[in-house]
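Q: Sharing a model that was predicted from the sequence below.
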Amino acid sequence: MKRIAILICAGATVLSLAAPAAADPEPGRHDRPEFGRATLTGFASLPAQTYVPGSEPSGSLLGTDPVNGLTPPFPGQPVQGFSGIVRRHDGTYEVLSDNGYGNKANSSDFLLRVHRVKPDFKAKSVQVLGGFNLTDPRGLVPFALTRQDRTLTGADFDVESIVRTQDGTHWIGDEFGPFLLHFDQKGRLMEAPIELPGVKAPENPYLNGGQPNLGSSKGFEGMARSVDGRKLYPLLEGTVSGDPAGTLRLHEFDLRKRAYTERRWTYKLDDPSHAIGDAIAVDADRLLIIERDNLQGEAAKVKRLYLADMRDKDRDGALDKTLVADLLDIADPRGLGGAPGTFRFPFQTIEDVAILDDRTLAVLDDNNFPFSNGRTPGKPDDNEFITIRLTHGLKADPRVYR
């Protein structure tokens, strides 16, 4: 969470996405008009004050001053902070809560959890069907954990991205290491945390007084699974020291060898102050990536979905970016999200995207409970779940959404 937070066979088919308008005067620019204005096709919302039934209190380290009208500590574990999503193909989704309340120091009583949710777009509501906590019962984490029962908390890891592999297990990207974490279907850790060679954040438990080369909680914010299921593509949220400002490293991890390969790419932010929110594979060469500014509400200016091509056709050393949807300018002719007209998704952190079909995407916010108030000033944001229809098909590998 950041307070105020599957790859790819297009070839020449990318060209067929171009709108039949005038030729692009600057080929290779990421803002060329291949895609027009997306349309809102579904809206559902989960109230901010939704807690896991029968769960432990949380937020005891936030003090006692009201935050957006709510006074901590809270009566349970909030169902919040959705920072990763997995589509289950039965109308339900698994969503990952991040480290809790924003940082290592204040999140030791927040239990890391994957929730199972089901949006009802007719009722405009989201049902929480259950979920599982993340645990380490086998003692695979070699450093000290917060709890003796080895239930993982927001002081142990900052989990921000999730994929499900073909065997039904989950790989989760962490920002504190950054680490890759492998869990079974019940949320039990299956392997020791896997470090990213040569990169350490300030929270890394192996720093041992050394100098970090990545910003605080700037590790694996997004992670895609290759469409053949053999690779992971974790994407850092922050720039590694010595790299050009605003450039993010995209790595390749071989699931069969359990090791990083020598392949690496660069994603260049539109502005160094921006951040990425999620990544998902479209085919063997392209990803969908959320890029955002750190603002919310009326102040928000950049909440975008880009197609990012790893082939680097313009040879500038970075993934080629094509704007797919502006999440602050979504057509809503039926008034699904309010009054008919323009729908805005003005949250500070938008961290979930799933491909439903070749033209339809699901997008969710991370509401940073109780801190973010991008929808209504002074009121904690709900967890909103929207679907949007693109003006053109992605020409995605069918395995992505089948």
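A: Okay, I see it. None of the values given here were measured: they were computed from a predicted structure.
Q: Now stretch 125-137: buried residues?
A: Going by neighbour count (16 or more other CB atoms under 10 Å), the buried part of stretch 125-137 is Val126, Val128, Gly131, Phe132, Asn133, Leu134, Thr135, Asp136. In short, each C-beta sits where N, CA and C put it, glycine included.
Q: Please tell me how far the nearest residue to the fourth one once chain neighbours are set aside sits from Thr349.
A: So that's Phe132. In space, and not counting its chain neighbours, Phe132 is closest to Gly187: 3.9 Å by CB to CB, 6 or more residues apart in numbering. Using CB to CB, to the nearest Å, we find Gly187 at a distance of 23 Å from Thr349.
Q: and Arg264, backbone torsions?
A: When quoted as degrees, to the nearest 10, the phi and psi of Arg264 stand at phi -150, psi 140.
Q: now do Leu46
A: Per-residue torsions, Leu46: phi -110, psi 120 (degrees, to the nearest 10).
Q: Quick check, pLDDT for it.
A: pLDDT for Leu46: 98.
Q: pretty sure it contacts Asp120?
A: No. Using CB atoms under 8 Å, Leu46 makes no contact with Asp120, being 10.7 Å away.
Q: Between these two, which has more neighbouring residues?
A: Leu46 (23 against 13; other CB atoms under 10 Å).
Q: So what pairs up with that one in the strands?
A: When assigned by DSSP bridges, Leu46 has beta-bridge partners Asn383.
Q: returning to that earlier point: neighbour count winner among Gly187 and Thr349?
A: More crowded of Gly187 and Thr349, by other CB under 10 Å: Thr349, with 30 against 20.
Q: partner residues bridging that one?
A: Under the criterion used here (DSSP bridges), Thr349 is bridged to Asp366.
Q: any idea how far it is from Ser372?
A: 7 Å.
Q: joint contacts of the two?
A: Both Thr349 and Ser372 are in contact with Asp366, where contact means CB atoms under 8 Å, 6 or more residues apart in numbering.
Q: picking that back up, list residues touching both of Leu46 and Asp120?
A: With CB under 8 Å, 6+ apart, Leu46 and Asp120 have common neighbours Val126.
Q: where does the stretch 101-250 of the chain dip in pLDDT?
A: Across the stretch 101-250 of the chain, nothing is flagged by pLDDT under 70.
Q: now the strands: where do they sit in it?
A: Ranges of strands in the stretch 101-250 of the chain, per DSSP state E, counting those that start in this stretch, are 113-120, 125-133, 159-164, 170-174, 179-183, 194-195, 220-225, 231-236, 247-254.
Q: Can you report how many residues lie near the residue nearest to Ala331 when sequence neighbours are not counted?
A: Excluding the flanking residues, the one nearest Ala331 by CB to CB, 6+ apart is Thr39, at 4.5 Å. Applying other CB under 10 Å, we find 20 residues neighbouring Thr39.
Q: For Thr39, what are phi and psi?
A: Note on Thr39: its backbone torsions stand at phi -120, psi 140 [degrees, to the nearest 10].
Q: Against Leu394, how distant is it?
A: Distance from Thr39 to Leu394, by CB to CB: 15 Å.
Q: Over to Leu111?
A: From Leu111 to Leu394 the distance is 36 Å (CB to CB).
Q: ditto for Phe253
A: 24 Å.
Q: now swap in Leu269 and tell me
A: Relative to Leu394, Leu269 is positioned 22 Å away (CB to CB).
Q: Who has more neighbours out of those two?
A: Using other CB under 10 Å as the criterion, Leu269 and Leu394 rank with Leu394 on top: 25 against 22.
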